[in-house]
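*Asks:* coordinates only, sequence not included:
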């Protein structure tokens, strides 16, 4: 598994040669950020899944900060944030909104955004602001809960899959050595 992941992840030299990353060389070249084992991979997946739900363009910087803070595999944390994309972000945010409504106890139903009125653009912007304020609390609470659940599930699944791989690999080696 390590060989497969290493094939697609950058190495120390790539970071060292990049002029944009040179000011951060001391923290970015810490060995634990590039070492790939069961713990660092599981932590990186958890960090990437958690930070993947951060709104806007802050997902990868958030994953990088989490990877540096927790000393887990940096490239894998960045790669894992890509589960959110234009196709998956809307269903994930709708799920987070519904989770937030459930936790808050809001039984008012789904709050649809106001219809766009080009003829009365000012009234539409005011209605849109009111709608955003109304959905902000359940969405924020739901995003935090969903990010926590995804991070925990990703951590446990990665640890379990890595462990399963190691057990099977050991069994195959034993079977191969007993045949000889």
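*Replies:* Arrived safely. In this text, all values refer to a predicted model and were calculated from it rather than measured experimentally. Numbering: from 1, shown residues only.
*Asks:* contacts, neighbours, all on C-alpha from now
*Replies:* OK.
*Asks:* roughly how far out does stretch 32-47 sit from the chain middle?
*Replies:* 13 Å (CA atoms, centre = their mean, to the nearest Å).
*Asks:* from now on call the first residue 21
*Replies:* Understood, numbering begins at 21; the last thing we discussed is stretch 52-67.
*Asks:* Mind checking the pLDDT average for it?
*Replies:* Computed over stretch 52-67, the mean pLDDT rounds to 90.
*Asks:* who touches that stretch?
*Replies:* Around stretch 52-67, the neighbours that count as contacts under CA atoms under 8 Å, 6 or more residues apart in numbering are 22, 31-32, 83, 86-88, 90-97, 100, 170-176, 178-179, 182-183.
*Asks:* same question, stretch 141-150
*Replies:* Against stretch 141-150 from outside (CA under 8 Å, 6+ apart): 133, 134, 135, 136, 137.
*Asks:* Please list the members of those residues that lie in strands.
*Replies:* The strands, defined by DSSP state E, take in nothing from those.
*Asks:* so how far is the first residue of stretch 132-147 from its last?
*Replies:* Start and end residues of stretch 132-147 are separated by 11 Å (CA to CA, to the nearest Å).
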